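1. quick one: sequence plus predicted model below, questions after.
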Amino acid sequence: MKRLVALLMLVLLVATVSAQIVKMSELPTDKQFRKAVKTLMYKTNGHDITPKRLDAMEKVQSVINRFEREDWSAYRKESDAEALAEMEKTGVPYYLRQSFEKVCKEVRTTKVKEGTVAVWLLYNMGYIVKTPTTTFGIDLFSKYTDRLLDMIDFGMITHPHSDHNNSAFTKGMEKRNKPILAAFDIKNVEEMRVEHGGEYTFGDVKVRVTLGDHNKKLRNYVASYEIDCGANTNHTVIFHTGDSCNYEQLNPQKQVDIFIPHIRVSLDIQKAMDKFHPHHLFMSHLQELGHRVHKWRWTFHDALRSKEKWNHDHMWIPCWGERIIYNRNDWK
């Protein structure tokens, strides 16, 4: 009964605030926006969607909604240090830079305790995972990716689309002679070409690969990675499915702790959860700036509506720069 009441309260709260997120008529001031960014990254978390978190999401989303694909392209291409610093004083570039600096610092300094893993969302579906002994990245994408690579032992790429496959990441890893798992050929890079059902080991970490469809035309195009993070994490399992769209092709062999799917790629996430019962769901592929504002750029609002719709106790809406320390024993 208590759980039902709590759920009803959450639905009412989310419905009230989320309805405003994409309708906000006035932009927050620069001071309000900066405060909202810090609230998302430092003062709240993607699991407990409190009024404070919702208010910050609303303010940040209203700014992102004004950042067009052309703005994103201009930011990505800018190489002049002074011009770039000017861009990053405010708005979405400010958020991107602040979140990157936070991730970079924390990946370097976080001491991961036995039995736990640290997980960071960098951007889109790009995650960094650190165990007590190993650090790896999946679909990493950032203007400053190269600065992360000395801290990463190996990488994975789910498919070749540009918001998942970053040349700075692949070339930087190749330069450092570090392995990358991928199901496609990467130009000028000697990657570990994965196969359906293939299993790969990196120290304590074991990775199993499943190939699946992106859509009706791109068959067996996306590599899903079932990652057993090792005995020193109590065998925490992360299942990152990239842009896989067919839940019937998702067949993890172990109990999944953290399920990371694309929330809007025709994947029936409820059926996927009913099929293999992950302990947690990380809603991902939000705020992909390479998409137009009203076409394929999924928002916090979309994630909140999904949270209302789907039936699961532990659905997270992580933001750029957020760190999650996960201990599976805490959730038993």
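-> Received, thanks. Residues are numbered from 1 along each chain as shown.

2. use CA for all of it now, contacts and neighbours both
-> OK.

3. how far away is the residue nearest the centre of the chain from residue 240?
-> Geometric centre of the chain, nearest residue: residue 125, 3.6 Å, by C-alpha atoms, centre = their mean. When distance is defined by C-alpha to C-alpha, to the nearest Å, residue 125 is 9 Å away from residue 240.

4. ok, now residue 300?
-> From residue 300 over to residue 240 (counting by C-alpha to C-alpha), the distance is 20 Å.

5. in terms of neighbours, single out the busier of these two.
-> More neighbours sit around residue 240 than around the other of residue 300 and residue 240, counting by other C-alpha atoms under 10 Å; the figures are 26 against 22.

6. so that one sits against residue 225, correct?
-> Yes: shown here, residue 240 and residue 225 form a contact pair, counting by C-alpha atoms under 8 Å, at 5.3 Å.

7. how about low-confidence regions in the chain?
-> For the chain, the stretches with pLDDT under 70 are 1-25, 188, 190, 332.

8. that one: strands as residue ranges?
-> Using DSSP state E, the strands assigned to the chain run over residues 117-123, 126-130, 135-138, 154-156, 180-182, 192-193, 199-202, 205-212, 222-228, 237-240, 258-260, 280-282, 315-316, 323-326.

9. list the strands paired with the last one, with their directions.
-> Translated: strand 323-326. Based on DSSP bridges, the pairing partners of strand 323-326 within the sheet are strand 117-123 (antiparallel).

10. tilt between the strand it pairs with and strand 126-130?
-> For strand 117-123 against strand 126-130, the angle between stretch directions is 160 degrees (axes from the mean of the first three to the mean of the last three C-alpha atoms, to 10 degrees).

11. with only the CA atoms kept, save strand 117-123 in CSV.
-> Once non-C-alpha atoms are left out, strand 117-123 reads as follows in CSV (Å, rounded to 0.1, in the frame of the first residue of the first chain):
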residue,chain,number,x,y,z
VAL,A,117,31.5,0.3,-9.4
ALA,A,118,31.6,4.0,-10.3
VAL,A,119,29.6,5.0,-13.4
TRP,A,120,29.6,8.3,-15.1
LEU,A,121,27.4,9.6,-18.0
LEU,A,122,29.6,11.7,-20.2
TYR,A,123,27.1,12.5,-23.0
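
12. list the contacts of it.
-> Outside strand 117-123, the residues within contact range by C-alpha atoms under 8 Å, 6 or more residues apart in numbering are 99-100, 103, 112, 127-132, 140-142, 229, 233, 236, 288, 318-327.

13. hang on, the earlier thing: show me the contacts for the residue nearest to the centre of the chain.
-> Contacts for residue 125 (C-alpha under 8 Å, 6+ apart) come out as 138-140, 164, 242, 262, 284-285.

14. let's see 6 Å
-> Neighbour list for residue 125: 284-285 [criterion: C-alpha atoms under 6 Å, 6 or more residues apart in numbering].

15. where do the helices sit along the protein?
-> Read by DSSP state H, the chain holds these helices, from start to end of the chain: 2-21, 30-38, 51-64, 69-77, 81-87, 91-109, 167-175, 269-276, 300-309.

16. the residue nearest to residue 67 when sequence neighbours are not counted: neighbouring residues, count only.
-> Spatial nearest neighbour of residue 67, chain neighbours left out: residue 92 (7.1 Å); criterion: C-alpha to C-alpha, 6 or more residues apart in numbering. Applying the criterion other C-alpha under 10 Å, we find 24 residues in the vicinity of residue 92.
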